[in-house]
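Trainee: Requesting a structural model of the entry that follows:
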Amino acid sequence: MSASIAIQVLPKVETDVEVCRIVDDVIAYIQSTGLSYQVGAFETTIEGESYDELIDIARECLKVAIRSGAPKVSAYIKVVYRPDGDILTIEQKNRKVSIKESGTLGAPPYAAIQNDAEQ
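Mentor: Sure, this is the predicted structure:
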């Protein structure tokens, strides 16, 4: 995998109920892309092989929010792109955090990532 994005969509609407409804529509769109993704409390991370495809998805997320009733939408987007190699996956990043939080002694948290790279 050569690219990932994290997107936080912020629809400008009157109520939290409307925010949640619109964000749910955006998440449903992301799910429909078939790409690997993970929803977090503040943002959704999406990973794929094509930088251009991920940027197109981010653009469409904003349009989905507008079509769902937001008169205005803002977004924070983070991008990781490595055209000539692989980047850390969502799973690898989460495993690193899980190992660190578990207090496991022995191998450093990055050992699991190194083991993945060697396989």
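
Trainee: mind listing what the most centrally placed residue in the chain touches?
Mentor: The centroid of the chain falls nearest to residue 45 when counting by C-alpha atoms, centre = their mean (0.5 Å). Counting by C-beta atoms under 8 Å, 6 or more residues apart in numbering, residue 45 makes contact with 4, 5, 6, 37, 38, 90. Backbone N, C-alpha and C define where each C-beta goes, glycine included.

Trainee: Kindly recompute the last result at 7 Å.
Mentor: Neighbour list for residue 45: 4, 6, 37, 38, 90 [criterion: C-beta atoms under 7 Å, 6 or more residues apart in numbering].

Trainee: and what of residue 70?
Mentor: Taking C-beta under 7 Å, 6+ apart, we find residue 70 in contact with 11, 12, 13, 22.

Trainee: about what we covered before: and of the contacts of residue 45, the nearest to residue 69?
Mentor: Nearest to residue 69 among the contacts of residue 45 is residue 37, at 22.8 Å by C-beta to C-beta.

Trainee: Skip the chain neighbours and tell me the closest residue to the residue nearest to the centre of the chain.
Mentor: residue 6 (4.6 Å; C-beta to C-beta, 6 or more residues apart in numbering).

Trainee: Are we agreed that the one you found is in a strand?
Mentor: Yes: Residue 6 sits within a strand when classified using DSSP: H, G, I helix; E, B strand; the rest coil.

Trainee: quick check: mean pLDDT across the strand or helix carrying residue 38?
Mentor: Per DSSP states H and E: residue 38 is located in strand 36-39. Here strand 36-39 scores 96 as its mean pLDDT.

Trainee: now stretch 82-98
Mentor: Stretch 82-98 carries an average pLDDT of 84.

Trainee: Counting neighbours, which bits of it end up buried?
Mentor: 88, 89, 90, 92, 95, 96 (16 or more other C-beta atoms under 10 Å).

Trainee: how close does the second one get to residue 63?
Mentor: The spacing between residue 89 and residue 63, counted by C-beta to C-beta, to the nearest Å, is 27 Å.

Trainee: repeat for the first one
Mentor: Using C-beta to C-beta, we find residue 88 at a distance of 29 Å from residue 63.

Trainee: repeat for the third one
Mentor: To residue 63, residue 90 is 24 Å away according to C-beta to C-beta.
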